[in-house]
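J.: Coordinates for the following, if possible.
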Amino acid sequence: MTLVQLEYIVAVDTYRSFVGAAEKCFVTQPTLSMQIQKLEEMLNVKIFDRTKQPVVPTEIGSQIIEQARLVLQESQKIKEIINSQQQEVSGEIKVGIIPTIAPYLLPKVIAAMMEKYPELKLLIWEYTTEDIIHHLKTGVLDCGILATPLGDNSIEEVPLYYENFVTYISKNSKLYKKKTIDSDDLEDENIWLLNEGHCMRSQVLNICRSTRQNRLQGLTYNTGSVETLIRMVDMNNGATLLPELALEELSNKQLSKVRHFKSPEPVREVSLITHKNFIKRRMLNALKEEILAVIPKGMKQKKKKDIVGI
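T.: Got it, this is the predicted structure:
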């Protein structure tokens with residue numbers, strides 16, 4: 001039994017395909033299949049049910065794969081010990097980030113990371129919260145940047161900052177003349193929302209559901225990105241809610257449509273999350289430091305803020 005064989009069965013379990021697993025492991029599909037077959041022959045069990053598509057592990061195979069993940073995590077610690085002795089941040093870290101954070105945070109962080117840590121390779125994917133959690137648990141990702149709290153005991157959360165939600169209101173709205181907004185004010189307004197699956201959609205609905213009569217009148221529009229929400233308000237009236245960092249991308253004309261909530265303002269807690277067994281601590285700390293370096297000081301404090309659930 002070799003670590004390579006264990007890597008192969010974990011890859012097949014993750015991607016549910018021998019071809020896909022071979023591509024991710026940078027080997028040919030026959031090579032990967034042969035190594036897995038040798039492992040099965042040595043253990044005298046079938047790890048995968050090849051009659052099903054996509055391929056799935058057998059009952060005993062699931063137990064073997066679970067243990068294989070632990071073995072590979074422990075073996076990785078040897079590399080981490082060496083890296084810590086060398087006092088350098090190097091290697092590969094796979095990051096998942098939700099789309100409502102990525103465009104406002106990543107450009108600044110990536111540039112700083114590449115300059116400061118030339119031996120570090122950042123692999124970044126945009127996923128929904130649900131997908132990030134799944135990929136953390138299966139080992140596809142090392143860490144995630146998303147809104148918390150999650151309430152998952154297997155996930156470790158490190159809060160980074162607290163980002164206010166603000167309203168973005170059409171000039172034709174009766175709310176435009178207000179200097180500040182209360183959630184009750186949104187009761188009769190048409191609100192543009194992100195599609196199902198985005199945690200920010202849930203947070204916006206939670207803010208609007210806090211109205212006294214608990215109504216959701218007008219919450220019927222759906223779209224795919226924060227930038228599209230802004231354009232929809234500009235061209236079709238109504239209102240939407242934006243994360244505070246998105247304001248940096250707005251023109252002066254657009255900023256005139258922004259209204260803050262009355263205190264305590266609703267915020268989202270943005271955290272760096274990992275699986276409890278995560279071991280690349282040196283890389284994680286470097287990423288955390290660079291994120292905090294670009295976040296305004298006021299966003300790092302939790303005081304007088306109402307964290308919105310997801």
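J.: contacts and neighbour counts: CA atoms only from here.
T.: Will do.
J.: Report pLDDT for Pro296.
T.: pLDDT, Pro296: 90.
J.: Which other helices and strands does the helix or strand that Glu227 is a member of contact?
T.: Element membership for Glu227 (DSSP states H and E) is helix 226-236. Counting contacts by 3 or more Cα pairs under 8 Å, 6 or more residues apart in numbering; DSSP states H and E, helix 226-236 packs against strand 155-169, strand 192-194, strand 239-243.
J.: give me the beta-bridge partners of the residue nearest the centre of the chain?
T.: Closest residue to the average C-alpha location of the chain: Ile97 at 3.3 Å, with Cα atoms, centre = their mean. Here Ile97 sits in beta bridges with Glu126, Ile145, going by DSSP bridges.
J.: Which of the helices and strands packed on helix 226-236 sits closest to Lys179?
T.: strand 155-169 (11.0 Å; Cα to Cα).
J.: Break the chain into its domains for me.
T.: 3-83, 87-155+268-307, 162-267 (automatic domain parsing).
J.: ok, back up a step: what's the average pLDDT for the helix holding Glu227?
T.: 87.
J.: ok, residues contacting that helix?
T.: Thr100, Tyr168, Ile169, Ser170, Trp192, Leu193, Leu194, Thr223, Ala239, Thr240, Leu242 (Cα atoms under 8 Å, 6 or more residues apart in numbering).
J.: can you list those in JSON lines and add pLDDT and neighbour count?
T.: Shown next, in JSON lines, are those (pLDDT from 0 to 100; neighbours: other Cα atoms under 10 Å):
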{"residue": "Thr100", "pLDDT": "87", "neighbour count": "24"}
{"residue": "Tyr168", "pLDDT": "92", "neighbour count": "25"}
{"residue": "Ile169", "pLDDT": "91", "neighbour count": "27"}
{"residue": "Ser170", "pLDDT": "90", "neighbour count": "23"}
{"residue": "Trp192", "pLDDT": "80", "neighbour count": "26"}
{"residue": "Leu193", "pLDDT": "75", "neighbour count": "25"}
{"residue": "Leu194", "pLDDT": "73", "neighbour count": "22"}
{"residue": "Thr223", "pLDDT": "60", "neighbour count": "14"}
{"residue": "Ala239", "pLDDT": "86", "neighbour count": "27"}
{"residue": "Thr240", "pLDDT": "86", "neighbour count": "24"}
{"residue": "Leu242", "pLDDT": "90", "neighbour count": "22"}
